[in-house]
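J.: Give me a 3D structure for the following:
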Amino acid sequence: MIKSFEHRGLAELFERGSSRRVKHDLQSRSLRRLEALDQAESLTDINVPGFNFHGLQGIPKRYCIHVNGPWCITFEWEEGEALRVDFEQYH
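T.: Below you'll find the model as predicted:
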């Protein structure tokens, strides 16, 4: 379950199905990943082909789901909830 967002555009996309703050060509892929993240009960639920799910270095521990090109959805995971979900180019 998604508990909180850092990126206002992703929050809007998740709640409304579209957002001017997320490029139009990235919206459908981002929305599919957000829906999967919201339904996940564990990190293994997110580790599916095409998502390129992996952990990032640093504290607090963050995880990444690839969207397209350099764009990724990053988040923290705590007790079955995704926290501080962000949309970024971290490379």
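J.: For the residue nearest to F53 when sequence neighbours are not counted, give its distance to I59.
T.: Excluding the flanking residues, the one nearest F53 by C-beta to C-beta, 6 or more residues apart in numbering is N47, at 4.7 Å. C-beta: built from backbone N, CA, C; applies to glycine. Distance, N47 to I59, by C-beta to C-beta, to the nearest Å: 22 Å.
J.: Neighbour count for these two, which is higher?
T.: Higher neighbour count among N47 and I59: N47, with 14 against 5, using other C-beta atoms under 10 Å.
J.: avg pLDDT for stretch 34-51?
T.: What stretch 34-51 shows for mean pLDDT is 96.
J.: Longest helix in this structure, by number of residues?
T.: Longest among the helix segments of the chain by residue count, using DSSP state H, is helix 24-39.
J.: Go through stretch 41-56 and flag the buried ones.
T.: I46, F51, F53 (16 or more other C-beta atoms under 10 Å).
J.: and the residue nearest the centre of the chain, helix, strand or coil?
T.: Centroid check for the chain by C-alpha atoms, centre = their mean gives I73 as the closest residue, at 3.4 Å. Assigned by DSSP: H, G, I helix; E, B strand; the rest coil, the conformation of I73 is strand.
J.: And for D86?
T.: With three-state DSSP as the basis, D86 sits in strand.
J.: ok, now how distant is it from D38?
T.: D86 is 15 Å from D38, by C-beta to C-beta.
J.: In the chain, where is pLDDT below threshold?
T.: 90-91 (pLDDT under 70).
J.: can you tell me which residues contact M1?
T.: Residues in contact with M1 (C-beta atoms under 8 Å, 6 or more residues apart in numbering) are D38, Q39, A40, G80, E81, A82.
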